[in-house]
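Asks: Quick check, what structure comes out for this input:
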Amino acid sequence: MSTRGDYASRALLSLALRDSSSGPTSVRDIAERTGLPQPYLEQILLALKGAGLVRSKRGVGGGYVLARPPEAITLAQIVSAVDGPIVAGEFGEPHADGACDHEGQCVLLAFWAEVGEKMRQHLSSYTLADMVLKVQGNGPAEPIAADKAIALSRAMARSSAR
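Replies: Numbers count the residues shown, from 1 in each chain. Okay, the predicted model is just below:
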């Protein structure tokens, strides 16, 4: 995952943790709560707005709000909004009809395509609402995989650092 994908996820999680009835959240407030650099965050929020994940309001009391409920925003959508398609590299498509130019190339191309698909599926299985529950300590009762535990601990550390 890129820095942009991480920052976008952190910014939207911050918005999801905030009571939406209190109105839009300023970029400065999001930057302070998440520890993200404000100029970079502004660029990321514009990309998220273009993808329809946030809405903005200008002027006094302006800022950003989620464009959809947290249950309707997946981590895959967030990452794709700022990074483009989720792939495991830019290696191209496997050749058709056994027309592989180099030894083993087509097998590896198919493997990388499968890895990219697994990443998309995994990120699509989590919503902002899931992350909010985990940050609040209301996550699932069943054990979570090690990579999920690492992501959860990072999110909780960022939240408690505010």
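Asks: CA only for contacts and neighbour counts going forward, please
Replies: OK.
Asks: Beyond the helix or strand containing R33, next helix or strand please.
Replies: Here R33 sits within helix 27-34, counting by DSSP states H and E. Per DSSP H and E, helix 27-34 leads on to helix 38-50 as the next helix or strand towards the C-terminus.
Asks: pLDDT (mean, whole number) over that following helix?
Replies: In this model, helix 38-50 has a mean pLDDT of 95.
Asks: And for stretch 77-85?
Replies: Mean predicted confidence for stretch 77-85 is 90.
Asks: and if you look at stretch 120-140?
Replies: On average, the pLDDT along stretch 120-140 is 86.
Asks: For the helix ranked longest in the chain, enumerate the helices and strands it packs against.
Replies: The residue-count maximum for a helix in the chain (DSSP state H) belongs to helix 105-124. Packed against helix 105-124 by the contact rule (3 or more C-alpha pairs under 8 Å, 6 or more residues apart in numbering; DSSP states H and E) you find helix 75-83.
Asks: And the helix it packs on, how far out from the chain middle?
Replies: Relative to its parent chain, helix 75-83 has a centroid offset of 5 Å by C-alpha atoms, centre = their mean, to the nearest Å.
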